[in-house]
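Novice: sequence plus the predicted model coming up.
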Amino acid sequence: MDYLEKEIIKNYSCVNIEASLPSTEFYRKRGYELLSQAEHSVANGKLLSYSIMRKREFNIDPALYNAPSVLVRKEIELQGLDFDEYQTKVPNRVYLLADSLFDTMLAKDVGTLTFDVGGGIYVMNHNSQLGFAKGEMCSPGLATQAEDLYAAGVKELIHVGFAGGNKIGEYVLTDGAYNDTSITRLYGFKGELIESTKDLTDSFCRELEKKGISCIRGYHWTTDGGYVQPEWRGRYYFNDLGAKCVEMEGAGLFTIANFRSRKATAIYVISDSGSNEEWNLGWGESTLEDSIQKLIDALVIS
C-alpha cells in the first residue's frame with residue numbers, strides 16, 4: 001500500500017478506492033475518508049454493498065519543501081549580507097511577544113532592532129543570544145513567521161501571549177496544544193494534539209521558577225475561531241481533555257517546530273475568562289498589568 005500510494009500520487013491528486021465492508025476500517029486507519037456507500041446488483045436479486053473511500057493527505061518530506069530557506073536567503077542577500085554568516089549571528093532564542101507584551105518590552109529599552117527578518121529581531125542588550133520580535137496573530141500567521149525565523153538560523157522560539165482561562169493574571173506554560181486549526185493538518189500532522197518541545201519547556205520552566213514565576217503546566221487549546229466558541233466545544237476541551245487555557249497561535253508554532261525539527265514552547269498570561277453569556281476581560285485591571293510586568297522583567301533578566 002505504501003508503494004502503490006507513492007506511485008499514484010506522482011500523477012494524481014488523490015487515491016480513490018472501492019472497499020468491501022470488512023476492509024473499510026483497514027483503509028480508514030490508513031487515512032482514507034468515507035465518501036459514500038454504494039450498492040451493486042448481483043445474482044439471485046442480491047445486492048453487494050461497499051464503500052467509496054478517498055485519501056488526499058500524504059506524508060510531506062520537509063527537505064522537499066525548502067521555500068522558507070530559499071526565500072530568506074534571497075532576502076538576506078538582497079540586503080548585501082552573507083547568508084551563511086547571518087545564520088551564525090542571529091540569537092539562539094527569540095521570544096515572540098503578543099502586541100501589548102511587545103510594547104511593554106520596547107518601553108523598557110532592553111533590546112536593539114538588529115536583524116530584518118521574521119518581522120524584525122531585537123537583540124537583548126545584555127545577551128546577544130536572546131532576542132524578541134512582535135509575534136504574528138493566529139496560527140497561520142505565527143507559523144509563517146516561525147518558518148522565516150528558523151530558516152534565518154534561530155534555534156528556539158518561545159511564544160509569549162495571552163489566553164482565556166480560569167483566573168486572570170495566572171501563567172500557563174504549555175506542553176502542547178489540542179489542535180482546533182487547519183494549519184497543522186496542512187503540514188501533515190493528523191493527530192488532535194501537537195506537542196511543544198519537552199526539553200525546552202522543562203528548562204524554561206526552571207528558568208522562570210528561579211525568577212519567581214510560578215506556572216500552571218499542561219496542555220491547552222488552540223482554535224482558529226476566536227469569536228466562535230460554543231459551549232459544547234468548550235466542555236470538550238476544558239472538561240473532557242483538561243485544557244488549561246484557550247488561545248489562537250500555539251498549534252501553528254508547534255507545527256513548524258516539529259516539521260522543521262526545531263524547538264518551541266509557549267507561556268500564556270490569562271487575560272480573560274468566562275463563557276459566551278458572561279465574559280470577564282482583565283484589561284485595565286491591576287492583576288493583569290502586574291502579571292505582564294513581572295513576566296517581561298523575568299524575560300530580560302540574564
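Specialist: Nice, thanks for sending it over.

Novice: so where's the stretch 51-200 of the chain uncertain?
Specialist: Within the stretch 51-200 of the chain, not a single segment meets pLDDT under 70.

Novice: mind doing that once more with 90?
Specialist: Across the stretch 51-200 of the chain, the ranges flagged by pLDDT under 90 are 56-64, 185, 188-191.

Novice: for the most far-flung residue of the chain relative to its centre, helix, strand, or coil?
Specialist: Within the chain, the residue lying farthest from the chain centre (C-alpha atoms, centre = their mean) is N44, at 56.6 Å. Assigned with DSSP: H, G, I helix; E, B strand; the rest coil, N44 falls in the helix class.

Novice: and the strands in the stretch 1-150 of the chain, which stretches?
Specialist: 15-20, 33-41, 47-55, 93-97, 111-115, 121-124, 127-134 (DSSP state E, counting those that start in this stretch).

Novice: closest one to N280 among these?
Specialist: strand 93-97 (23.5 Å; C-beta to C-beta). C-beta coordinates here come from the backbone N, C-alpha and C atoms, glycine included.

Novice: show me what counts as buried in the closest one.
Specialist: When neighbours are counted by 16 or more other C-beta atoms under 10 Å, the buried residues of strand 93-97 are found to be R93, V94, Y95, L96, L97.

Novice: tell me who's in contact with the fourth one.
Specialist: Going back to what we said before, that points to L96. 132-136, 142, 145-146, 157-161, 253 (C-beta atoms under 8 Å, 6 or more residues apart in numbering).

Novice: out of those, who's nearest E247?
Specialist: Once C-beta to C-beta is applied, the member of the contacts of L96 that ends up nearest E247 is G161, at 5.8 Å.

Novice: now, among the buried residues of strand 93-97, which is nearest to I60?
Specialist: Among the buried residues of strand 93-97, and counting by C-beta to C-beta, the member closest to I60 is L96, at 23.8 Å.

Novice: beta-bridge partners for the closest one, please?
Specialist: Beta-bridge pairing for L96 (DSSP bridges): A133, H159.

Novice: from G218, how far out is it?
Specialist: Distance, L96 to G218, using C-beta to C-beta, to the nearest Å: 21 Å.
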